[in-house]
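1. this is a predicted model, with the sequence first.
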Amino acid sequence: MSAIDPWASEQVITYADRTTGLRAVIAIDDTTLGPGFGGVRWRPYPSTEAAVQEAQRLARAMTYKHALAELPYGGAKSVILADGAPRDDAARRAVFEAFGDAVARTHGLYIPGVDMGTTLADMEVIRSRGARVYCADADPSPWTARGAYVAMRAGVRHACGAPTLDGLTVAVQGVGNVGGELARLAARDGARVLVADVDAERAASVAAECGGEVVGVAEVVTCECDVLAPSAVARVVTADVIPLLRCRVVAGAANDVLDDPSCERALAQRGITFVPDFVANAGGVIHEHARAQAWTDQQLTEAVDAIGPRVTDLLEDAAGGSPVEAALARGRARLAAARR
Ligand SMILES: NC(=O)c1ccc[n+]([C@@H]2O[C@H](COP(=O)([O-])OP(=O)(O)OC[C@H]3O[C@@H](n4cnc5c(N)ncnc54)[C@H](O)[C@@H]3O)[C@@H](O)[C@H]2O)c1
């Protein structure tokens, strides 16, 4: 792991609460476009450095996600370092109350939402401490899944010329709130769905719903498929994994899929199309903005479905080069225009 660079973000806040044992990191990457909005992730980390680095990288991705989706938010993300201690409902509530106090101290500069390991109820607890919060009343995940699905279709159309997923094999890594719905949408479109999850019961239940099959957690990334849809942890596409991939498209819902920027070039050299994750998984943030602005269902649906043509445009713009770089260039242009 490379060393952390605290100066790469506008702010990195570490927060420790001695009563509950909470240890958390809030990274606010860039507030040019508005307050930093990004989810709260609760999972174990091998080290403090790994937690800080993940928060900073995910916060950076949020900056570009909002810029590309033309939303008035900056990029931020927080992580809570799980310590393995079992927590009942009351203890979990106490952890999120303490975290809510930390968020409230940012005075709205950081707006949390749900992410891996956190729930709408947790957001409500954070809000109860006076913090501004998104995702407390309605789950954005189905909209994230819808956006990832239209992005996947656009990637498949570009890479394989197929108008739908009918007859193709889609492998979904992680079938939680977003991945589960993404698997269902793909199956409804005629895809054969392979699913993997560290929660074996969840994997079995989603596979049964989709008429699909469960594959091993260790096998899913390199299984034979048309589309690999990483929809759980970050940085699953690494230099070591790329030579082993047996897919034509990588398009999922997870944030920060590529281990480092050189991975995209290596994917392209293998003829594998990468759909930029921070473009594909913007449906959830669009949903939150739509709720804040009281958009109609039709406005929301149109904005989320616009992710499909945006992906097509980026893939065509990149012309065999880097769709991620094409997306970042657009994001940088929007940030520069806002700074003028
Ligand atoms: N929820 C949203 O609206 C949203 C929005 C944008 C991006 N995302 C991204 O989508 C991904 C999934 O988010 P979610 O909200 O569905 O989370 P979730 O916690 O509901 O689901 C994640 C699932 O992945 C499984 N999992 C964890 N590690 C795994 C591994 N190594 N292999 C296989 N399965 C594993 C978990 O058991 C769980 O079922 C995350 O990367 C998140 O940042 C989510």
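-> In hand now; what should we look at?
2. got the residues of the stretch 151-300 of the chain near the ligand?
-> 173-179, 196-199, 202, 217, 231-233, 253-255, 281, 284 (C-beta under 6 Å from any ligand atom). For every residue, glycine as well, the C-beta is placed using N, CA and C.
3. among the residues you listed, which lie within helices?
-> Using DSSP state H, 177-179, 202, 284 are the members of those that sit in helices.
4. and the furthest pair within those?
-> Arg202 and Gly284 (19.5 Å; C-beta to C-beta).
5. neighbour-wise, which of those two wins?
-> Gly284 (29 against 17; other C-beta atoms under 10 Å).
6. for the ligand, what's its nearest residue on the stretch 151-300 of the chain.
-> Nearest residue of the stretch 151-300 of the chain to the ligand: Gly176, at 1.8 Å (C-beta to the nearest ligand atom).
7. which of the residues of the stretch 151-300 of the chain next to the ligand are buried? Put it as a PyMOL command.
-> Here is the PyMOL command that selects the buried residues among these (16 or more other C-beta atoms under 10 Å):
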select buried, resi 173+174+175+176+177+178+179+196+197+202+217+231+232+233+253+254+255+281+284
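8. state the distance from the residue nearest to Ala16 when sequence neighbours are not counted to Pro163.
-> Nearest-residue entry for Ala16: Arg23, 5.3 Å, with adjacent residues in sequence omitted and distances by C-beta to C-beta, 6 or more residues apart in numbering. Separation of Arg23 from Pro163 (C-beta to C-beta, to the nearest Å): 49 Å.
9. quick one, which of the two is more surrounded?
-> Between Arg23 and Pro163, Arg23 has the larger neighbour count (other C-beta under 10 Å), namely 17 against 9.
10. tell me, how many residues neighbour Arg334?
-> Other residues close to Arg334 by other C-beta under 10 Å number 16.
11. what strand or helix carries it?
-> helix 323-339 (DSSP states H and E).
12. name the residues of that helix that are buried.
-> 323-328, 330-331, 334-335.
13. also stretch 249-259?
-> For stretch 249-259, a neighbour-count test (16+ other C-beta under 10 Å) marks 249-259 as buried.
14. repeat that for stretch 57-73.
-> Within stretch 57-73, the residues scored as buried using 16+ other C-beta under 10 Å are 57-69, 71, 73.
15. does that stretch come close to the ligand?
-> No: applying C-beta under 6 Å from any ligand atom, one finds stretch 57-73 separated from the ligand by no less than 7.1 Å.
16. fine, thanks again, bye for now.
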